[in-house]
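>>> Everything below, folded, please.
(2 chains)
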Amino acid sequence: AQKVTQAQTEISVVEKEDVTLDCVYETRDTTYYLFWYKQPPSGELVFLIRRNSFDEQNEISGRYSWNFQKSTSSFNFTITASQVVDSAVYFCALSEAPAGANSKLTFGKGITLSVRP
Amino acid sequence: AAGVIQSPRHLIKEKRETATLKCYPIPRHDTVYWYQQGPGQDPQFLISFYEKMQSDKGSIPDRFSAQQFSDYHSELNMSSLELGDSALYFCASSNRQGVSYEQYFGPGTRLTVT
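Below you'll find the predicted structure:
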């Protein structure tokens, strides 16, 4: 069975601080996909990134960066120079991808990030 | 670019009533997923369809049923509504042939049962 753990439940930072959101996953599959989604107060789920299990390269997109380490089963997300607009709930999710099948997403419990001016 | 459309966006029902939620996937997407997100909770997978056939099933109550139609839109039917069914219901779609397993989410339908 697959499982995603986001141990941090709430994080509060002051604007311009860097913040890292942790994600640890469990899966028996060798092929899987990891995701981060942002859910602002308006409620929609905004896709941020997808990473497959064969690609351990870190990725940077503007102020966002992701660190994927298979050795520790972690897929952490860092926001540099945080802004008030970053305030949201952030979900890490896992999709197992057995060949030829579609796969549901298993989400972590989410991390509520509050960025204060 | 076209996105996933869900209707209605908000729905208020009373206990024991029925509700029907609709989802229109992105054009040429062949797979639809339904998720339920209770207040303060993470989204939980309910059910999915590929090419109009049920492909996977999660923790969906027996009071709920769903189907995907020939035009690929999907409907989630909920009967004998309970207070605990109050939640945000998301539909997501993907293109299996794309083999990216990336699901695009709709804006959600917020169901309130009173």
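>>> what's across from B:Q37 in the sheet?
In this entry, B:Q37 is beta-bridged to B:L88, by DSSP bridges.
>>> same thing with A:A88?
When assigned by DSSP bridges, A:A88 has beta-bridge partners A:L113.
>>> Give me the phi and psi for A:T72.
Note on A:T72: backbone dihedrals following degrees, to the nearest 10 are phi -110, psi 10.
>>> which residue sits closest to it, ignoring its sequence neighbours?
In this structure, A:T72 finds its nearest non-sequential neighbour in A:V24, 7.5 Å apart by C-beta to C-beta, 6 or more residues apart in numbering or on different chains. In short, each C-beta sits where N, CA and C put it, glycine included.
>>> give me every residue that touches that neighbour.
Contacts for A:V24 (C-beta atoms under 8 Å, 6 or more residues apart in numbering or on different chains) come out as A:4-7, A:72-74.
>>> Can you report how many residues neighbour B:L83?
9 (other C-beta atoms under 10 Å in any protein chain shown).
>>> related to what we said a few turns ago, just the buried subset of the contacts of A:V24, please.
Among the contacts of A:V24, those buried by neighbour count (16 or more other C-beta atoms under 10 Å in any protein chain shown) are A:4, A:6, A:73-74.
>>> Inside strands: which ones of the residues you listed?
Mapping those onto strands (DSSP state E) picks out A:4, A:74.
>>> From the buried ones among the contacts of A:V24, pick the one nearest A:G110.
A:Q6 (6.3 Å; C-beta to C-beta).
>>> hang on, that closest one packs against A:K109?
Yes: counting by C-beta atoms under 8 Å, A:Q6 touches A:K109, with 5.5 Å between them.
>>> where's the residue nearest to A:T72 relative to B:F64, distance?
Distance, A:V24 to B:F64, by C-beta to C-beta, to the nearest Å: 31 Å.
>>> got it, and B:H29?
Computed as C-beta to C-beta, the B:H29 to B:F64 distance reads 22 Å.
>>> Up against chain A, what does chain B have?
Taking C-beta under 8 Å from any C-beta of the partner chain as the contact definition, chain B meets chain A at B:31, B:33, B:35, B:41-45, B:48, B:50, B:55-56, B:58, B:88, B:90, B:92, B:94, B:96, B:100-105, B:107-108, B:110.
>>> Buried ones only from the residues you listed, please, as a ChimeraX command.
Command for ChimeraX that selects the buried part of those, burial taken from 16+ other C-beta under 10 Å:
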select /B:31,33,35,42,43,44,45,48,50,55,56,88,90,92,94,96,101,103,104,105,107,108,110
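>>> Which members of the residues of chain B next to chain A are positioned in strands?
Using DSSP E, the subset of those located in strands is B:31, B:33, B:35, B:44-45, B:48, B:50, B:55-56, B:88, B:90, B:92, B:94, B:104-105, B:110.
>>> Kindly check the end-to-end length of stretch B:50-62 for me.
Taking C-alpha to C-alpha, to the nearest Å, the first and last residues of stretch B:50-62 lie 20 Å apart.
>>> Show me what the helix or strand bottoming out on mean pLDDT in chain A packs onto, helices and strands only.
Comparing helices and strands within chain A by mean pLDDT, DSSP states H and E singles out strand A:59-61 as the least confident, with a mean of 86. On a contact count with 3 or more C-beta pairs under 8 Å, 6 or more residues apart in numbering or on different chains; DSSP states H and E, strand A:59-61 meets strand A:46-52, strand A:64-69.
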